[in-house]
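Q: could you look at this predicted model? Sequence included:
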Amino acid sequence: MRILHVAAEIYPLVKTGGLADVVAALPAALAARGLDVRVLLPGMPAILNGVIDLKRVIRFGPAFGAAVITLRLGRLPESGLLAYVIDAPFLYRRDGNPYLGPDGCDWSDNHRRFALLGWVAAHLAAGELDRHWQPEVVHAHDWHAGLAPAYIAQNPALTTATVFTIHNLSFRGLFPLDHHADLGLQISGANQSGIEFHGHLSFMKAALVHAKRVNAVSPTYAREICTLEFGWGLDGVLRGRGSDLSGILNGVDYSVWDPSTNAALPKHFSATHLRGKTVCKLKLQAALGFACRAKTPLIAIVSRLTAQKGMDLVLGALPALLAEGAQLVVIGSGEADIEAAFRAAAGAHPDAVSVHLGYDEALSHRIMAAADILLVPSRFEPCGLTQLYALRYGTLPLVRQVGGLADTVVDATPESLKAGVANGFTFDDASSRKLAARIGKACALYRDAAAWRQLQLYGMAQNFSWDDSAVRYEALYRSI
Ligand code: ADP
Ligand code: GLC
């Protein structure tokens, strides 16, 4: 079966979040099952530089404002999978964040930049761009690739099966309605409701309406998005898809997230050799200017610093966290006011709060390895990957009971501890008070070294690899 994955980012070349991790790992897991999988990516500089042995497949244009577009084919650096890259300098040769300009605002031509991605997918599906390979399934990820199912549905000659995965419904790919003239989509009459969203175009809605199957990245999130609270105005569309909508949990690429081999760590460790984790902790404490104390709870955040991630709740819970005698290390970037508040907290408590504003893959591994507890107090969380990475690193996740966090973290209660199924801590209400209370209880349990060890060992032994989820995706493809 020939599958084309279509997405705007891929680890390690272009990454703004978990989407990139999934787009690197899922196609590889499917290929390992014997499927013929390729990936289609926009030609951002890091992608053109990072995909190996790029060869020209076809040149075409003008299209989407670009005079000439070259479709190239090469191999991904880590997995060796074949990847098509759309080389359109006018649209994609821009450094930095793939969606935002240097001023922090969306590029004004994003509708064209990402329509082209979907358009190329549809024309590959039609066999018009590469006569040697034609996908039977086009699997598009998030709104950036959302027009792929719409362009395919618009071509009556095409029988290509389409799957659309929702990684984050809050990003709906909204543009002014009059931009439709740039897209080459028929959106008059009955078709209009398939992309029109309250006087705007929505690439997300176009995908939700036109894909043969839609899935979200965890079972709980798939249910939540059908409600007013989590639906971002698209819950009605999603409820209308009935059994065409499912939830498939993301996996972890354990070749990247393995504390016994990761090159960024000062000392390797595993469930049977946990001493190395203490070395990682003491070294990080020293590097951050904290007191080097193995028994002081070290709490970490590796996250976008946004309201979605509940980072304002952490700021509200900070006095309680400090009263517990805990240390807090934060790596992330995001909303300006939240960044400023974390910076101020670090300034006020240099011996207990350290904040690294920015993106640093190696440091994120060192923090994950050193910490005792990882906070993920999200308001909503489609899947969440960091809590899964934390588990493998012997770091207990403390999460809000929502979305994929609810599907993966089992709260430590007397019952779950007795049954041996606890792997972290959860709380319900999105409030600093509730978060602070759970941090307090987690710190109390931390003082019980034997109970803590039991939780760590259980979490480290859990298997959230892609194997099961790849089976589910393959079954989904076969069903259509
Ligand atoms: P989301 O995609 O919503 O941001 P996920 O938990 O799915 O959340 O994925 C976040 C990914 O980004 C993880 O791989 C995490 O380790 C990584 N990450 C987040 N912030 C940083 C940062 N500042 N530096 C390095 N990696 C980060
Ligand atoms: C999104 C979600 C996150 C999910 C990731 C990968 O960025 O916010 O919860 O883990 O996509 O699917």
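A: Nice, thanks for sending it over. Numbering: from 1, shown residues only. Ligands and ions are numbered 1, 2, ... in the order given.
Q: only C-alpha atoms from now on, for both contacts and neighbour counts.
A: OK.
Q: mind listing what L41 touches?
A: Shown in contact with L41 (C-alpha atoms under 8 Å, 6 or more residues apart in numbering): V6, A7, A8, E9, I47, A83, Y84, V85, I86, L117.
Q: state whether it is indeed within a helix.
A: No. In this structure, L41 is strand, not part of a helix, as judged by DSSP: H, G, I helix; E, B strand; the rest coil.
Q: for it, which non-adjacent residue is closest in space?
A: V85 (5.0 Å; C-alpha to C-alpha, 6 or more residues apart in numbering).
Q: the host helix or strand of that neighbour pairs with which strands?
A: Using DSSP states H and E, V85 sits within strand 82-87. Paired with strand 82-87 in the same sheet, following DSSP bridges, are strand 36-42 (parallel), strand 69-75 (antiparallel).
Q: which is the next helix or strand following that strand?
A: Next along from strand 82-87, by DSSP H and E: helix 89-92.
Q: which other helices and strands does the following helix or strand past that next one contact?
A: Toward the C-terminus, helix 89-92 is succeeded by helix 110-125 as the next helix or strand (DSSP H and E). In this structure, helix 110-125 packs against strand 2-6, strand 36-42, helix 89-92, helix 147-154, with contacts taken as 3 or more C-alpha pairs under 8 Å, 6 or more residues apart in numbering; DSSP states H and E.
Q: ok, which of the strands paired with strand 82-87 comes nearest ligand 1?
A: strand 36-42 (17.9 Å; C-alpha to the nearest ligand atom).
Q: got a list of what the residue nearest to F464 when sequence neighbours are not counted touches?
A: Leaving aside its sequence neighbours, F464 sits nearest to G251 (C-alpha to C-alpha, 6+ apart; 5.3 Å). Counting by C-alpha under 8 Å, 6+ apart, G251 touches V22, L26, L385, F464, S465, W466, D467, S469.
Q: what's the distance between G251 and G384?
A: G251 is 10 Å from G384, where distance means C-alpha to C-alpha, to the nearest Å.
Q: could you do L322 as well?
A: 26 Å.
Q: which of these two has more neighbours?
A: Counted by other C-alpha atoms under 10 Å, L322 and G384 do not tie: G384 has more neighbours, with 26 against 14.
Q: confirm that that one sits in a strand.
A: No. Going by three-state DSSP, the assignment for G384 is coil, not a strand.
Q: may I have the phi/psi pair for it?
A: The phi/psi pair for G384 (degrees, to the nearest 10) reads phi 90, psi 130.
Q: over to D130?
A: According to degrees, to the nearest 10, D130 has phi -140, psi 110.
Q: does it really touch T70, like I thought?
A: No. Look at D130 against T70 with C-alpha atoms under 8 Å: they stay out of range, at 11.9 Å.
Q: so for those two, which sits in the more crowded spot?
A: Neighbours were counted for D130 and for T70 using other C-alpha under 10 Å; T70 has more, 18 against 15.
Q: need the contact list for that one.
A: So T70 contacts R56, V57, I58, R59, F60, I86, D87, A88 (C-alpha under 8 Å, 6+ apart).
Q: what helix or strand is the nearest residue to it once chain neighbours are set aside on?
A: What sits nearest to T70 in space, not counting adjacent residues and going by C-alpha to C-alpha, 6+ apart, is R59, at 4.4 Å. Using DSSP H and E, R59 maps to strand 52-60.
Q: other residues contacting that strand?
A: 48, 68-77, 129-130.
Q: what's the average pLDDT for stretch 360-375?
A: Stretch 360-375 shows a mean pLDDT of 98.
Q: er, stretch 12-31 actually
A: 97.
Q: so how far is that stretch off the chain centroid?
A: In terms of C-alpha atoms, centre = their mean, to the nearest Å, the centre of stretch 12-31 is found 9 Å from the chain centre.
Q: from P350, how far out is E78?
A: For E78 relative to P350 (C-alpha to C-alpha), the value is 39 Å.
Q: what about those two, which has more around it?
A: The neighbour count for E78 versus P350, taken as other C-alpha under 10 Å, is higher for P350 (15 against 12).
Q: can you pull the contacts of that one?
A: G289, F290.
Q: next, find the distance separating it from V279.
A: In terms of C-alpha to C-alpha, P350 sits 22 Å off from V279.
Q: quick one, what contacts the residue in the stretch 201-350 of the chain that ligand 2 sits nearest to?
A: Going by C-alpha to the nearest ligand atom, ligand 2 is nearest to V217 of the stretch 201-350 of the chain, at 5.5 Å. By C-alpha under 8 Å, 6+ apart, the contact set of V217 is T165, I166, H167, G247, I248, L249, N250, P382, C383, G404.
Q: quick check: PyMOL command selecting the buried ones in these.
A: Typed into PyMOL, the line below selects the buried ones among these, using 16 or more other C-alpha atoms under 10 Å:
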select buried, resi 165+166+167+247+248+249+250+382+383+404
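Q: narrow the contacts of V217 to those in helices?
A: G404 (DSSP state H).
Q: in strands, which of the contacts of V217 fall?
A: T165, I166, G247 (DSSP state E).
Q: was I right about the second one contacting D142?
A: Yes. The pair I166 and D142 passes the contact test of C-alpha under 8 Å, sitting 5.3 Å apart.
Q: kindly state the pLDDT recorded for the residue in the stretch 51-200 of the chain that ligand 1 sits nearest to?
A: Sorted by distance to ligand 1 under C-alpha to the nearest ligand atom, the residues of the stretch 51-200 of the chain start with N168, at 7.4 Å. pLDDT, N168: 98.
Q: close enough to count as contact, it and P382?
A: Yes. Using C-alpha under 8 Å, N168 makes contact with P382 at a distance of 6.1 Å.
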